[in-house]
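>>> I would like the atomic coordinates for the input below:
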Amino acid sequence: MSLPSSAPAREATRLRELTPQQWRSGIASWLGWLFDGLELHLYTLIALPLVVQLLDVPSAADPAVKEKSAYIQAAFLLGWAVGGAFFGRLGDILGRSRALALTVLTYAVCTGLCAFAQTWWQLMIFRFIAALGIGGEWAVGASLLAETWPRAWRPWLAAVLQTGVNLGILLGAAVVGILSLVLPPGGERWVFLVGVLPALMVFWIRRHVPEPETWRQAVTVAQPRARDLFRGAVASTTLRTTLVCALGLSAWWLFMFWHPQHFRKLLAAEGAPAGEITRLISASFFLVNFLAIAGNFFAGFLARHLGNRPAIVLLFAGLALAMGGAFAVPRDFAALAWFWCPAIGFFSGVFGLFTMYLPPLFPILLRTTGAGFCYNIGRVAAAVASLVFGLYAPVGDFRGALLWSGGLALAAALASCWLPVRTHEDEAT
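Alright, predicted model coming up:
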């Protein structure tokens, strides 16, 4: 028996034609992504001074700082991957709205607990559990929108959702920048308490965001198992999309984690005060993510006119070129922070396309499972990459690790040439 189509019952062409349910699901998903971005980068911006404090060593030049930072980041990325698969499966079994509420509650509470970590391994555990919720929110929120909003709007929906992440990152940079002015030296840990705020959204989600009609109909007809991702025609989709996500996300997360550390090294060598270093890095983060917002809509424009696969190939190629230009030769902080890294941010708009591209590739009751697995399994590859470069690169040689990220982005561009074109919806019709 075939499953019902996941296309919305009402294909609105204007905002005023959207139903209240569509507005509520859209707002819930966007806010979830906004807080994802906030939670993601609170740690990235203060990682070095916080780990120095927890290890009780004199400076970030101590090899243990780089080693433990790599472990913490790897645990976070691994938790993101596990959470994508775990909560993705719950989204198919329990429903999109219920699973979305659980993911937000998980990452909000555990981010707050990071403020009370007394050792580096406690921080690692809290970051791992918080990442479970962040990874799950991606798959569940994307599927919720794919099943409630008009199909023709998906390229722009992808841009808007990814913009929520970017604005969350900007919010995180602003929070860290402002609090750095008022917190005493060694007080960076308290910025994590800001991460508790999303927990309040859970009550609104459970009260006002209903389950999509397509999921409610499908759950009474059939219940495929997670292993069906690796059977039949679905297996090819799973493997091809997983490869691209693994390569692309490894490239991006090498950049996102190591470039602030590279900036700290450059600014320290220039004699900048500690507080000024944090503010300059926050400002650079702001610019990178401001350009990423423009990149999200450029990606949507390309996808609408060229299709998802050509747009993904072109944007990954641009990301590789920008990373190569930034780190192929030594550059000072000004050149990297105000030109090359913002260019990298612009091409990172490619990741927004996966939001609406991945879920429809899978049957309805494998939708959050498939999207969550394929996209977030890339975090495992990124976790391995973080460990490799964190443990085996020469101490302080962040540029070498960052240059490798450009090679991974190029490999992602090549692998993207074999991404699926037809969706499960196309095949069903």
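
>>> what's the offset of stretch 215-230 from the middle of its chain?
Its chain's C-alpha centre and that of stretch 215-230 lie 26 Å apart, by CA atoms, centre = their mean, to the nearest Å.

>>> So what touches that stretch?
1, 3-4, 89, 93, 95-96, 147, 234-235, 238, 362-366, 369-370, 373 (CB atoms under 8 Å, 6 or more residues apart in numbering). No exception for glycine: its C-beta is placed from N, CA and C like everyone else's.

>>> Now a ChimeraX select for only the buried ones of those.
Buried members of the contacts of stretch 215-230, defined by 16 or more other CB atoms under 10 Å, are picked up in ChimeraX with:
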select :3,89,95,96,147,234,238,362,363,364,365,366,369,370,373
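
>>> residues touching Phe35, list them.
Here Phe35 is in contact with 104, 107-108, 168, 195, 197-198, 201 (CB under 8 Å, 6+ apart).

>>> so it is in which element?
Per DSSP states H and E, Phe35 falls inside helix 20-55.

>>> Give me the average confidence score over that helix.
What helix 20-55 shows for mean pLDDT is 82.

>>> Identify each buried residue in it, please.
Buried residues in helix 20-55, counting neighbours by 16+ other CB under 10 Å, are found at 21-22, 24-26, 28-55.

>>> hang on, the earlier thing: in helices, which of the contacts of stretch 215-230 appear?
Among the contacts of stretch 215-230, the members falling in helices (DSSP state H) are 89, 93, 96, 147, 234-235, 238, 369-370, 373.

>>> Spatially, which two of those residues are the most separated?
Greatest spatial distance among those (CB to CB): Arg96 and Ala235, at 24.4 Å.

>>> any idea how far the helix holding Phe35 is from the chain center?
Chain-centre distance of helix 20-55: 9 Å, with CA atoms, centre = their mean.

>>> from what I can see Ala28 touches Leu145, true?
No. Using CB atoms under 8 Å, Ala28 is not in contact with Leu145, being 9.3 Å away.

>>> Find residues that contact each of those two.
Common neighbours of Ala28 and Leu145 (criterion: CB under 8 Å, 6+ apart): none identified.

>>> element containing Met124?
In the assignment (DSSP H and E), Met124 maps to helix 120-148.

>>> And the helix or strand following that helix, what's buried?
Scanning forward in sequence from helix 120-148 by DSSP H and E, the next helix or strand is helix 154-182. For helix 154-182, the neighbour count (16+ other CB under 10 Å) marks 154-173, 175-177, 179-180 as buried.

>>> And for stretch 308-317?
Neighbour counts over stretch 308-317 (16+ other CB under 10 Å) mark 308-317 as buried.

>>> Next, format these as TSV and append distance to Ala411 and pLDDT.
Listed next are those as TSV, based on distance: CB to CB, whole Å; pLDDT from 0 to 100:
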residue	distance to Ala411	pLDDT
Asn308	19	92
Arg309	16	94
Pro310	18	96
Ala311	18	96
Ile312	13	97
Val313	12	97
Leu314	15	97
Leu315	14	97
Phe316	9	98
Ala317	11	97
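
>>> Take those and keep only those in helices.
Those of the buried residues of stretch 308-317 lying in helices (DSSP H): 308-317.

>>> export those to CSV and tack on distance to Ala269?
Listed next are those as CSV, based on distance: CB to CB, whole Å:
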residue, distance to Ala269
Asn308, 43
Arg309, 43
Pro310, 42
Ala311, 39
Ile312, 38
Val313, 38
Leu314, 36
Leu315, 33
Phe316, 32
Ala317, 33
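
>>> Among these, which one sits closest to Phe76?
Using CB to CB, those come closest to Phe76 at Phe316, 23.4 Å.

>>> Let me see the contact set for that closest one.
Contacts of Phe316 (CB under 8 Å, 6+ apart): 248, 347, 350, 409-410, 412-413, 416.

>>> Filter those residues down to just the ones in helices.
Residues of the contacts of Phe316 located in helices (DSSP H): 248, 347, 350, 409-410, 412-413.

>>> can you list the weak-confidence ranges in this structure?
The chain contains residues with pLDDT under 70 at 1-10, 60, 220-222, 378-379, 382-383, 385-397, 423-429.

>>> The helix holding Phe35 to helix 154-182, inter-axis angle?
With axes from the mean of the first three to the mean of the last three CA atoms, to 10 degrees applied, the angle from helix 20-55 to helix 154-182 works out at 40 degrees.

>>> how much does helix 20-55 deviate in direction from helix 120-148?
Counting by the same axes, to 10 degrees, helix 20-55 lies at 170 degrees to helix 120-148.

>>> Check the gap between the nearest residue to Gly141 once chain neighbours are set aside and Glu137 for me.
Excluding its sequence neighbours, the residue lying closest to Gly141 (CB to CB, 6 or more residues apart in numbering) is Ser29, at 3.8 Å. Ser29 sits 9 Å away from Glu137, going by CB to CB, to the nearest Å.

>>> my read: Trp80 touches Ala131, true?
Yes. At 4.3 Å, Trp80 counts as touching Ala131 under the criterion of CB under 8 Å.

>>> Determine the residues that are contacts of both of Ser29 and Glu137.
Leu100.

>>> so who does the residue nearest to Gly141 touch?
By CB under 8 Å, 6+ apart, Ser29 lies in contact with 100, 141-142, 144-145, 161.

>>> rerun that using 10 Å as the cut-off
Counting by CB atoms under 10 Å, 6 or more residues apart in numbering, Ser29 touches 96, 100, 137-138, 140-146, 148-149, 157, 160-161, 164, 205, 209, 355.

>>> Now which of those residues would you call buried?
Among the contacts of Ser29, those classed as buried by 16+ other CB under 10 Å are 96, 100, 137-138, 140-146, 148-149, 157, 160-161, 164, 205, 209, 355.

>>> all helices in the stretch 251-400 of the chain, in order from the N-terminus.
Ranges of helices in the stretch 251-400 of the chain, per DSSP state H, counting those that start in this stretch, are 274-306, 308-327, 333-335, 341-347, 350-357, 367-392, 398-415.
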